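1. Prediction below, plus the sequence it came from.
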Amino acid sequence: MRIILNSDVLHTQKLLADGLPKHISSFCAEVVGAGASLILPETVKHELERSQGEIHKLRVIELENAAKLLRNRGVAVGEFKVESAIPAQDLVSILRETSVPVDVERATLEDYREAERRASLHLPPLSGNEKSDEMRDLIIWVIALRIAKAERGAVLISRDSTHSGDAGSVEADECQLVRAKDLEEGVEFVGKRSPALQLARKVFETVMPAILEEGVPIPRELPWRRFSRLKFDVGEEGRANMTVHFDFAAEGGGRIEGQASIHQDSTGTISLHLCEFRDQDGQWGAGFIRRTVEGELPKYTRPYEDRMTDMKKLTEE
């Protein structure tokens, strides 16, 4: 699944060289877990670079003023290059450091012509009430439609009324373009479509009664997301063993997160190991739970023996 991002959902007052804001880094982790990828229209990349450039300039001025103040007070401050002390990094490189696939999509000549046509004729997704930036918004819209058509579905995450308004609903539905107004809503949809997250949810639900028995305040209705760092391996019987990091809204308020290792030991027996338990206040309980659970994990694929039997039947026919 491809996720197209507008600049308004990535805007930050922080210098990205200091690290991604938590909500963006968490979003990237969930995108990776869902097997999805990100697309930044080139105009979005330019906007973010301009914004980061302005923040970088302010930080340089702050550092220069601080050095000047110290020297005026008699404090020895050696010569240094301010720009080197505050490195400027682009968003694409920093996003890729989270392991999320990111592509920059340049508008084609056809995209520009289509955006110009819609702007001139006030066609959807324009509602007629736009005040500025309509060409820029239309270019992003046309790119999103083009990608959705080619991929048979995509997600556009944008708070802009041009992208999220009713005027573009029919066209978005025809192209299977899902529109979300924030990162949370966008990754929620991706989670429902992701085979990996669907399997993770089934595996987790198998051991949920045991986890609840231990008093862990996980929600009784699991979300379609909040799973990351997913690793699966298949046992001899084709059962889906899983290691995963989870981060849920806790029952009664707050959050609960941790690492789960769930493996099928033998027929009817599951090994459950939960560790690195944390809530909003720090370590939760003893920080870990280890126990055996009766049951069987869902099958990831048919066992090797079953596939060989099918192949033998085919060769004998």
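-> Received the coordinates, thanks. Residues are numbered from 1 along each chain as shown.
2. going forward, measure contacts between C-alpha atoms and count neighbours the same way
-> Fine.
3. phi, psi of Pro125?
-> According to degrees, to the nearest 10, the main-chain angles of Pro125 amount to phi -90, psi 10.
4. for it, what are its contacts?
-> Pro125 makes contact with 138, 141, 162-163, 165-169, according to C-alpha atoms under 8 Å, 6 or more residues apart in numbering.
5. Strands along the stretch 201-317 of the chain, start to end?
-> Taking DSSP state E, counting those that start in this stretch to define them, one finds strands in the stretch 201-317 of the chain at 227-234, 240-249, 255-266, 269-279, 282-283, 288-294.
6. which one of those lies closest to Glu213?
-> Put simply, out of the strands of the stretch 201-317 of the chain the one that sits nearest Glu213 is strand 288-294, at 11.2 Å, with distance taken as C-alpha to C-alpha.
7. What separation is there between Arg201 and Gly253?
-> Arg201 sits 21 Å away from Gly253, taking C-alpha to C-alpha, to the nearest Å as the criterion.
8. ok, those two, which is more surrounded?
-> Neighbours per residue (other C-alpha atoms under 10 Å) separate Arg201 from Gly253, with Arg201 holding more: 17 against 9.
9. now the residue nearest to Arg179 when sequence neighbours are not counted, what's its secondary structure?
-> Excluding the flanking residues, the one nearest Arg179 by C-alpha to C-alpha, 6 or more residues apart in numbering is Leu156, at 4.9 Å. Of the three states, Leu156 takes strand according to DSSP: H, G, I helix; E, B strand; the rest coil.
10. Contact partners for Leu156?
-> Contact criterion C-alpha under 8 Å, 6+ apart gives 3-6, 144, 177-180, 186 as the residues in contact with Leu156.
11. Can you check the pLDDT for it?
-> Predicted confidence (pLDDT) at Leu156: the value is 97.
12. can you pull up the bridge partners for it?
-> On the basis of DSSP bridges, Leu156 takes part in beta bridges with Ile4, Arg179.
13. and the gap between it and Met1?
-> When C-alpha to C-alpha is the yardstick, Leu156 and Met1 sit 11 Å from each other.
14. Gly165 versus the residue nearest to Arg179, what's the distance?
-> For Leu156, the distance to Gly165 under the criterion C-alpha to C-alpha works out to 13 Å.
15. What of Ala172?
-> 11 Å.
16. of those two, who's got more company?
-> Each of Ala172 and Gly165 has its neighbours counted (other C-alpha under 10 Å); Ala172 has more, 25 against 15.
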